[in-house]
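Q: below are the sequence and a predicted model; questions follow.
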Amino acid sequence: MGATLEIGDDVLWGKLVKSWATGRNYVVPDGAPFPIPRTLDELLAIAKSIDLAITFPDGMVGLAVIQYSPQTAVIKLPPKAMVEDTEARLREPDARARRGVSDAKVLRCILWCAASAAFCRQTVRPSRRSHR
């Protein structure tokens, strides 16, 4: 575990996600399809089987995989603590001045965080290793 989510190879990760979405194996085209993981342990086992390094933030214990139809609107809510932490950081003295952020940008940031899942920009930090 670590402080942020890290995906060791963005291209390999994309192929794995595409494999889950379609039921076809894009990692090893002649291989069997990958089962959709239901737990972090299952996800880590699949990642290990294809030499994909994944590090989750400390305290992350659950996994939700959502697949929906094009006719379905999906609203992903971030954890309450993430929104409150972001709001608290933005209320710190000189937080806006240090970053040259206007009230409008602060509002957009809060709305962005409120509309994003845990994989928003402040949480995901992909590593820049070689791609397959």
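A: Perfect, thanks for sending it.
Q: show me where pLDDT drops low in the chain?
A: Low-confidence segments of the chain, defined by pLDDT under 70: 1-2, 95-132.
Q: kindly recompute the last result at 50.
A: Scanning the chain for pLDDT under 50 picks out the ranges 117-132.
Q: break it down into its structural domains.
A: Domain ranges of the chain: 6-55, 80-115, per automatic domain parsing.
Q: deepest-packed of those, please.
A: Compared across the domains of the chain, domain 6-55 shows the largest average neighbour count, a mean of 15 (mean count of other CB atoms under 10 Å). In this view, the C-beta of every residue, glycine as well, is placed from N, C-alpha and C.
Q: what's the closest non-adjacent residue to residue 63?
A: Take residue 63 and drop its neighbours on the chain: the residue closest to it by CB to CB, 6 or more residues apart in numbering is residue 40, 5.0 Å away.
Q: am I right that that neighbour is in contact with residue 62?
A: Yes. Checked against CB atoms under 8 Å, the pair residue 40 and residue 62 is within contact range at 7.1 Å.
Q: this structure: helices as residue ranges?
A: 10-22, 40-49, 80-91, 95-99, 103-115 (DSSP state H).
Q: residue 91 and residue 84, how far apart?
A: 11 Å (CB to CB, to the nearest Å).
Q: and residue 33, how close does it get to residue 20?
A: 8 Å.
Q: for residue 49, that is, sorry about that
A: Distance from residue 49 to residue 20, by CB to CB: 14 Å.
Q: what's the answer for residue 56, then?
A: Residue 56 is 18 Å from residue 20, by CB to CB.
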